[in-house]
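Colleague: got a sequence here, can you build the structure:
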Amino acid sequence: MEESADFMYKSAERTAALRIVRDGVGYDLRHLFSGVEVYRPTARKKLQRQEHVHDVYHVVLFLRGEGIFNFRGREIGYRPGVLALTGPGQPHVFGPYEPEEEETEYWSFTFDLVDAEGRPLTYSFAELLSRWWGVEKGELDLTPRALSRAELQRVRDALDHAVALKMMREAFPRPQEAATVLDLLAVLLGVCHSGNPERPGKVSPRLFQAAALLDDDLLGRWSVADLAHVAAMSRAHFLRSFKQVFGETPMRRSRRRRLEYAVKMLEQGGCSFKEVAAATGFCDEFHFSKAFKAEFEECPSIFLNRLRQFRL
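Modeller: Numbers count the residues shown, from 1 in each chain. Prediction:
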């Protein structure tokens, strides 16, 4: 991974609900790009284009036009309502390559999953949905096909919301965005399942709203009771749901986030430990230092000494 991307991974907000763990290694969902692709009429001759492969996932929904695209060595016809899903290692070329008489339009949402070193997860799309929602991979059919009217409406709505997130290129979805991405994945599972399984329960968007409030609260003022009220849950239900989705308790997340911000303040310099403690919701230097050491296994003074030596 390039240095800038590596820095971005370490500093970005990531949500455990969008993480896959394989062999003890966590892979976080990273948004690469999304939007509306439009191909206008052209008189060019048919081109034999080379399919390409990469370690990303594409969600493509054709909404206008008719033509041919390539998928895993085959030519497949598209028309409005055709859904195509591709994953790492699957050759493909979207977009028409025959003479067109009308505009072709498709919506796309593209992402990958990477670990802290930038190594990609190479599950197929079917394996990804299987791991995410706990269904058998053999029950999923991801062959490109035309959706029914009801399926098309569900996929179009979910994809429209995901494309509208306006996330930066190569950005990890924030808690308030994660609900939309999870909703898209849940809808895709629903239309790709060959049977009639029990549908996975959607994570309440209010839970992500509570997490967003917690992340913005550098002074640690939000109580569990207040956050549960925001999420419209009982205190016990909120605590269970929060840990299940984010992998940690609300107070653990709050302390970690505030200490991460304290590290940034120390790196920028110009602030005493007392000022950093006050800015991050700790009652005094002693409690700040104790929490810092518990989180990072060294006290703030040793951290600063290492930082100064590194800069020298």
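
Colleague: please count neighbours and contacts with C-alpha atoms only from this point.
Modeller: Fine.

Colleague: which ones are touching the residue nearest to residue 220 when sequence neighbours are not counted?
Modeller: When the adjacent residues along the chain are set aside, residue 220 lies closest to residue 281, with 5.5 Å between them (C-alpha to C-alpha, 6 or more residues apart in numbering). Listed by C-alpha atoms under 8 Å, 6 or more residues apart in numbering, the contact set of residue 281 reads 218-221, 258.

Colleague: am I right that residue 235 is in contact with residue 223?
Modeller: No: at 10.4 Å, residue 235 and residue 223 do not qualify as touching, with contact defined as C-alpha atoms under 8 Å.

Colleague: of these two, which one has the most company?
Modeller: For residue 235 against residue 223, the residue with the higher neighbour count under other C-alpha atoms under 10 Å is residue 235, and the figures read 16 against 12.

Colleague: residue 250 versus the more buried one, what's the distance?
Modeller: With the distance defined as C-alpha to C-alpha, to the nearest Å, residue 235 ends up 11 Å from residue 250.

Colleague: what stretches of the stretch 151-300 of the chain score poorly on pLDDT?
Modeller: Along the stretch 151-300 of the chain, the parts satisfying pLDDT under 70 run over 168-169, 194-205.

Colleague: which residues in it form helices?
Modeller: Shown for the stretch 151-300 of the chain, the helices assigned by DSSP state H, counting those that start in this stretch span residues 175-192, 205-216, 224-230, 235-246, 250-268, 273-279, 285-296, 300-311.

Colleague: tell me the secondary structure at residue 61.
Modeller: strand (DSSP: H, G, I helix; E, B strand; the rest coil).

Colleague: what does the pLDDT read for it?
Modeller: pLDDT for residue 61: 94.

Colleague: tell me how many other residues surround the closest residue to it other than its chain neighbours.
Modeller: Sequence neighbours aside, residue 83 is the residue nearest to residue 61 in space, at 4.6 Å (criterion: C-alpha to C-alpha, 6+ apart). A total of 25 residues lie near residue 83 under the criterion other C-alpha under 10 Å.

Colleague: what residues of the longest strand belonging to the chain count as buried?
Modeller: Identified as the longest strand of the chain according to DSSP state E is strand 25-39. The neighbour-count check on strand 25-39 (16 or more other C-alpha atoms under 10 Å) flags 26-35, 39 as buried.

Colleague: could those residues go into JSON lines alongside distance to residue 307 and pLDDT?
Modeller: Converted to JSON lines, the buried residues of strand 25-39 look like this (distance: C-alpha to C-alpha, whole Å; pLDDT from 0 to 100):
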{"residue": "26", "distance to residue 307": "28", "pLDDT": "87"}
{"residue": "27", "distance to residue 307": "29", "pLDDT": "91"}
{"residue": "28", "distance to residue 307": "28", "pLDDT": "90"}
{"residue": "29", "distance to residue 307": "31", "pLDDT": "91"}
{"residue": "30", "distance to residue 307": "30", "pLDDT": "91"}
{"residue": "31", "distance to residue 307": "32", "pLDDT": "90"}
{"residue": "32", "distance to residue 307": "33", "pLDDT": "90"}
{"residue": "33", "distance to residue 307": "36", "pLDDT": "89"}
{"residue": "34", "distance to residue 307": "39", "pLDDT": "90"}
{"residue": "35", "distance to residue 307": "42", "pLDDT": "89"}
{"residue": "39", "distance to residue 307": "52", "pLDDT": "79"}
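
Colleague: dump those into CSV; add distance to residue 155 as well.
Modeller: Output for these, formatted as CSV (distance: C-alpha to C-alpha, whole Å):
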residue, distance to residue 155
26, 28
27, 25
28, 23
29, 20
30, 20
31, 18
32, 20
33, 18
34, 15
35, 15
39, 22
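
Colleague: phi and psi next, for residue 93.
Modeller: phi -150, psi 120 (degrees, to the nearest 10).

Colleague: cheers, nothing more for now.
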